[in-house]
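Enquirer: sequence first, predicted model second:
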Amino acid sequence: MRTASFIIIVVMSALCLGCKKGDSGASNDSSSGKSGSIARMTIVGNYLYLVNHNDLKVYNIADPATMTLQKTIPVGFEVETIYPYNDKLFIGSTAAMYIYDISDPRNPARQGTVNHIRACDPVVTDGDYAYVTLRNNNDRCGGTQNVLNVYDVSGGKILNPVLLSTIGLPQPYGLGVQDTTLYVCCGEAGLAVVNVKDKRKPEVKKVITQGKNYSDVIVIDNVLFAYVTGGLALFDITDQQNPQFISEIRNNNL
């Protein structure tokens with residue numbers, strides 16, 4: 001990995017993750033940036049999409065010096081996260097997952113909605129399946145479940161996603177997907193590596209702890225960037241279900 005590219009990726013990762021951490025973060029070909037599953041904003045092409053507690057805001061950033069707000073779209077209540085994949089935005093709230101089509105990037109159109117029991121709701125997708133964590137957090141989310149849900153959003157199902165499976169995890173939060181492997185942050189309980197080859201029977205293969213508090217991840221090629229208390233932990237995921245620790249970058253080094 002070239003040094004310049006590596007530095008850009010690390011800084012971008014820290015900024016995307018920091019947006020969520022400060023104001024309350026899977027890749028895709030159409031996005032000019034990457035974000036974690038608990039990010040509140042993302043860039044796709046010449047547009048910046050940002051969610052606040054109720055709305056989706058669309059900014060044209062073709063000329064950063066004259067960035068303009070193009071549209072404000074009411075989404076729902078207590079909107080938390082936004083995640084891009086190709087021509088879709090997956091938006092998570094404490095009560096639902098919303099799917100928006102951005103084929104017309106200036107005018108996102110809602111395509112599907114999944115309601116669930118009140119809980120914190122990060123979401124990622126590989127295009128055909130959406131992975132959602134629900135977390136019991138009495139201070140803010142008021143949920144009663146700590147689970148990972150897998151939904152089929154392929155083809156016409158994107159209009160009405162189908163729940164395929166649910167497994168319990170300890171305080172699951174941010175997550176990322178690479179092929180048939182899912183990486184789920186479980187706070188002080190560690191980073192769960194989940195085999196999702198069989199969408200109806202996800203299997204936890206291992207849990208990485210290292211005494212860290214994991215909150216979100218970004219997957220870029222064969223490197224996993226994990227947001228931990230105080231900075232970023234980097235893992236080599238060439239062997240996807242057996243991450244190998246590379247190094248840790250503290251916030252004061254970014």
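Expert: Yep, it's here.
Enquirer: would you verify that Lys157 is located in a helix?
Expert: Yes - the assignment for Lys157 by DSSP: H, G, I helix; E, B strand; the rest coil puts it in a helix.
Enquirer: right, and Leu69 touches Tyr59 too?
Expert: Yes - in terms of CB atoms under 8 Å, Leu69 counts as a neighbour of Tyr59; the distance is 5.6 Å. Backbone N, C-alpha and C define where each C-beta goes, glycine included.
Enquirer: between those two, which has more neighbouring residues?
Expert: Between Leu69 and Tyr59, counting by other CB atoms under 10 Å, Tyr59 is the more crowded of the two (17 against 11).
Enquirer: burial of Leu164, as a residue count?
Expert: What Leu164 shows, counting by other CB under 10 Å, is a neighbour count of 17.
Enquirer: can you classify it by secondary structure?
Expert: Classified using three-state DSSP, Leu164 is strand.
Enquirer: where does pLDDT dip in the protein?
Expert: 1-35, 116-121, 137-144, 251-254 (pLDDT under 70).
Enquirer: what about the helices in it?
Expert: Counting by DSSP state H, one finds helices in the chain at the ranges 3-23.
Enquirer: how close does the most centrally placed residue in it sit to Val177?
Expert: In the chain, the centroid-proximal residue (CA atoms, centre = their mean) is Ser37; its distance is 1.4 Å. To Val177, Ser37 is 9 Å away according to CB to CB, to the nearest Å.
Enquirer: any common contacting residues for the two?
Expert: Val124 (CB atoms under 8 Å, 6 or more residues apart in numbering).
Enquirer: over to the residue nearest to the centre of the chain: give its phi and psi.
Expert: Main-chain dihedrals, Ser37, degrees, to the nearest 10: phi -80, psi -10.
Enquirer: surely Gln210 touches Ala226?
Expert: No - contact between Gln210 and Ala226 fails when scored by CB under 8 Å: they sit 9.8 Å apart.
Enquirer: lovely, talk soon.
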